[in-house]
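Asker: Would you be able to build a 3D model of this:
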Amino acid sequence: MSDPILELRDLKVSITEKPDIQIVKGVNLTIRPGEIHALMGPNGSGKSTLASTIAGSPTYTVNSGQVIYQGEDITGMTADERARKGIFLSFQYPTTIPGVTMVNLLREALKARRGQEVPAREFIQELRETLGRLKMSEDFARRYVNDGFSGGEKKRAEILQMGMLRPDLAILDETDSGLDVDALRTVAEGVNALRRPEMGILIITHYERILDYINPDFVHVLVGGRVVKSGDFSLAKQIETDGYDPILKELGLLQEVAS
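Answerer: Sure thing, here's the model as predicted:
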């Protein structure tokens with residue numbers, strides 16, 4: 001069995017500005033190369049907080065536990081240090097950057113990821129190959145970052161960044177949020193086109209529908225800041241059919257969540 005890409009060891013996390021508010025309350029999770037994990041749960045369960053914490057967001061503080069990435073404790077590392085090491089976070093609400101083209105953003109990001117300037121010819125070749133794999137026009141890369149983009153285009157821009165940066169760990173935080181069926185399929189096809197045996201993927205989602213296109217190896221249910229149940233893809237199907245209440249009732253957590 002291959003060594004883990006990511007290990008979360010009894011991770012407990014609070015809001016930095018409100019340290020008495022603990023959101024994540026002891027999460028253990030292991031992701032190995034080639035694996036796709038889906039993290040599901042009701043609103044307010046701590047899914048996006050966990051994703052942001054793995055990526056190093058200063059909005060949250062680790063109270064205890066560890067984030068181990070490729071065998072190294074990165075709990076105290078900044079977000080940019082983690083990104084340089086190969087952790088990628090696709091945002092639920094991507095930021096618009098008027099005046100900065102996708103090409104310029106990608107080239108600077110690639111320079112930071114590799115620690116050196118990428119020759120122009122090499123960069124253009126890689127960009128064209130990535131656009132081709134994603135079935136995207138070169139005109140897309142010339143546009144300002146997310147400026148005037150539709151919801152689907154913003155998510156495709158995130159996937160393009162992932163394709164160029166070639167992360168070892170990709171975290172997709174509610175990539176399906178706000179997408180219609182066609183846009184969802186396009187984004188999911190892009191993720192599948194970029195999958196590599198050495199990369200691990202963590203998908204954060206409320207719903208099962210994106211998992212119909214990106215089939216996970218493992219599904220985890222997060223409730224109240226804790227992983228309360230794990231299983232295979234059938235667990236996501238169960239949630240889609242019956243919702244979360246039967247699981248919460250089975251575990252004796254229904255009243256706790258309701259309150």
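
Asker: any idea how far the lengthiest strand in the chain is from the chain center?
Answerer: Across the chain, the longest stretch assigned as strand under DSSP state E is strand 18-31. Between the centre of strand 18-31 and the centre of its chain there are 17 Å (Cα atoms, centre = their mean, to the nearest Å).

Asker: How about stretch 53-73?
Answerer: How far stretch 53-73 lies from its chain's middle: 15 Å, per Cα atoms, centre = their mean.

Asker: Please write out the alpha-carbon positions of that stretch in CSV.
Answerer: Only the C-alpha atoms of stretch 53-73 are listed here, as CSV (Å, rounded to 0.1, in the frame of the first residue of the first chain):
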residue,chain,number,x,y,z
THR,A,53,-7.8,24.5,7.0
ILE,A,54,-6.0,21.9,4.9
ALA,A,55,-5.1,24.6,2.4
GLY,A,56,-3.7,26.8,5.2
SER,A,57,-6.3,29.6,5.4
PRO,A,58,-5.5,32.1,8.2
THR,A,59,-9.2,32.4,8.9
TYR,A,60,-9.0,29.2,10.9
THR,A,61,-6.7,28.1,13.7
VAL,A,62,-5.8,24.5,14.5
ASN,A,63,-6.4,24.0,18.2
SER,A,64,-5.0,20.5,18.3
GLY,A,65,-4.1,17.6,16.0
GLN,A,66,-2.0,17.6,12.9
VAL,A,67,-2.1,18.0,9.1
ILE,A,68,0.5,15.6,7.6
TYR,A,69,1.2,16.1,3.9
GLN,A,70,3.4,13.5,2.2
GLY,A,71,4.9,12.5,5.5
GLU,A,72,5.6,16.1,6.7
ASP,A,73,3.8,18.0,9.4
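
Asker: Let me see the residues that make contact with it.
Answerer: By Cβ atoms under 8 Å, 6 or more residues apart in numbering, the residues outside stretch 53-73 that reach it are 3-16, 19, 22-24, 26-27, 49, 52, 74-75, 77-83, 85-87, 89, 168-169, 171, 202. Glycine gets a C-beta too; all of them are placed from N, C-alpha and C.

Asker: Kindly report the same for stretch 230-242.
Answerer: By Cβ under 8 Å, 6+ apart, stretch 230-242 touches 38, 40, 207-209, 211, 215-221, 229, 246-247.

Asker: for stretch 90-106, same thing?
Answerer: With Cβ under 8 Å, 6+ apart, stretch 90-106 has contacts from 48, 123, 127, 140-147, 149, 154-155, 157-162, 164, 170-175, 177.

Asker: repeat that with 7 Å
Answerer: 48, 127, 140-147, 154, 157-158, 160-162, 164, 171-175, 177 (Cβ atoms under 7 Å, 6 or more residues apart in numbering).

Asker: The helix or strand residue 37 falls within pairs with which strands?
Answerer: Here residue 37 sits within strand 36-40, counting by DSSP states H and E. Applying DSSP bridges, strand 36-40 is found paired with strand 200-205 (parallel), strand 218-223 (parallel).

Asker: Ok, which of those comes nearest residue 185?
Answerer: strand 200-205 (14.9 Å; Cβ to Cβ).

Asker: Around residue 22, how many other residues sit close by?
Answerer: 18 (other Cβ atoms under 10 Å).

Asker: partner residues bridging it?
Answerer: Assigned bridge partners for residue 22, using DSSP bridges, are residue 14.

Asker: so what's it scoring on pLDDT?
Answerer: Among the per-residue scores, residue 22 holds a pLDDT of 95.

Asker: where exactly do the strands run in the chain?
Answerer: Using DSSP E, strands in the chain cover 6-15, 18-31, 36-40, 60-69, 72-73, 87-90, 97-101, 144-145, 169-173, 200-205, 218-223, 226-231.

Asker: which non-adjacent residue is nearest residue 211?
Answerer: residue 236 (5.0 Å; Cβ to Cβ, 6 or more residues apart in numbering).

Asker: so can I have JSON lines of the strands of the chain showing distance to residue 118?
Answerer: Output for those, formatted as JSON lines (distance: least, Cβ to Cβ, whole Å):
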{"stretch": "strand 6-15", "distance to residue 118": "27"}
{"stretch": "strand 18-31", "distance to residue 118": "28"}
{"stretch": "strand 36-40", "distance to residue 118": "29"}
{"stretch": "strand 60-69", "distance to residue 118": "24"}
{"stretch": "strand 72-73", "distance to residue 118": "25"}
{"stretch": "strand 87-90", "distance to residue 118": "17"}
{"stretch": "strand 97-101", "distance to residue 118": "16"}
{"stretch": "strand 144-145", "distance to residue 118": "18"}
{"stretch": "strand 169-173", "distance to residue 118": "20"}
{"stretch": "strand 200-205", "distance to residue 118": "25"}
{"stretch": "strand 218-223", "distance to residue 118": "35"}
{"stretch": "strand 226-231", "distance to residue 118": "39"}
